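*Asks:* Build me a model:
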Amino acid sequence: MSEPFDPMGEAVVWIADTGLFVACGRQQNAKYTALEQFARRNDLTFVLPQRVYAELTDAPVRSTPGETPIDDAIAAGWVTVAEEPTYTDGTVARVMDDARRSIAQSSNRRDDQIEKADTALAAVAAERLSDEAEFASVVTTDVDAGEATVTALAANGFQDRVRFKDGFELIEEIT
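*Replies:* Residues are numbered from 1 along each chain as shown. Model prediction:
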């Protein structure tokens, strides 16, 4: 690709993981507010894989019933939930398999111990890069998952089109 990756460019999809929102805390937290302001200031929408959304909406049921700040972020328009990936698509399947293997190797775990939400980041990125986005920025607090997503996408034809952004670093930069 001849043009450089600009994470704030119009053709960039921002895909976020559970850890980013968990690290921000409740809506009243300054980190959460800063994340919302970051999204609005840069006119971007964080895209959540279905599995990430499920993790975020299940957690309040266990800890703070009735509080689902992610639904408020979706209603406000700075977060959206991706359609379930087309798992029968060869590229999506390969990217997910490659990401799973890479995470397992870097974290010293078996393939079957890797969270499906982690590989869903790679699947959503592959679909968006195939269909509509020129670039993808994957934001997660899980370094293994972030690096594996970039590696898997690069190995499947999306080299230089995806970047991993550590969610903790993003929060620190914007607060």
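*Asks:* how about the host helix or strand of Leu153: buried residues?
*Replies:* When elements are assigned from DSSP states H and E, Leu153 belongs to helix 143-153. For helix 143-153, the buried set under the neighbour-count rule, 16 or more other Cβ atoms under 10 Å, comprises 144-153. The C-beta positions use only the backbone N, C-alpha and C, and glycine is treated the same way.
*Asks:* Check these and tell me the two furthest apart.
*Replies:* Asp144 and Leu153 (15.0 Å; Cβ to Cβ).
*Asks:* Let me see the contact set for Arg40.
*Replies:* Trp78 (Cβ atoms under 8 Å, 6 or more residues apart in numbering).
*Asks:* Now whichever strand or helix holds it - C-alpha only, CSV.
*Replies:* Taking DSSP H and E as the criterion, the element that holds Arg40 is helix 30-41. The C-alpha trace of helix 30-41 is given here as CSV (Å, rounded to 0.1, in the frame of the first residue of the first chain):
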residue,chain,number,x,y,z
ALA,A,30,-13.1,10.2,34.1
LYS,A,31,-11.5,7.5,31.8
TYR,A,32,-14.9,6.5,30.4
THR,A,33,-15.7,10.1,29.7
ALA,A,34,-12.3,10.7,28.1
LEU,A,35,-12.9,7.7,25.8
GLU,A,36,-16.2,9.0,24.7
GLN,A,37,-14.7,12.5,24.1
PHE,A,38,-11.8,10.9,22.1
ALA,A,39,-14.3,9.1,19.9
ARG,A,40,-16.5,12.2,19.4
ARG,A,41,-13.5,14.6,18.9
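*Asks:* Now do the buried residues in it.
*Replies:* So for helix 30-41, counting by 16+ other Cβ under 10 Å, buried means 31-32, 34-36, 38-39.
*Asks:* any idea which of these is closest to Thr57?
*Replies:* Distances from the buried residues of helix 30-41 to Thr57 were compared by Cβ to Cβ; the smallest belongs to Tyr32, at 15.8 Å.
*Asks:* Name the single longest helix found in this protein.
*Replies:* The helix of greatest length in the chain, counted in residues with DSSP state H as the criterion, is given as helix 90-107.
*Asks:* so what does it touch, helix or strand wise?
*Replies:* Packing contacts for helix 90-107, counted by 3 or more Cβ pairs under 8 Å, 6 or more residues apart in numbering; DSSP states H and E, involve helix 116-131, helix 143-153.
*Asks:* what comes into contact with it?
*Replies:* Counting by Cβ under 8 Å, 6+ apart, helix 90-107 makes contact with 85-87, 109-111, 113-114, 118-123, 125-127, 130, 144-145, 147-149, 151-153, 155-157, all of which sit outside it.
*Asks:* of the residues you listed, buried ones?
*Replies:* Judged by 16+ other Cβ under 10 Å, buried ones among the contacts of helix 90-107: 85, 114, 118-123, 125-127, 130, 144-145, 147-149, 151-153, 156.
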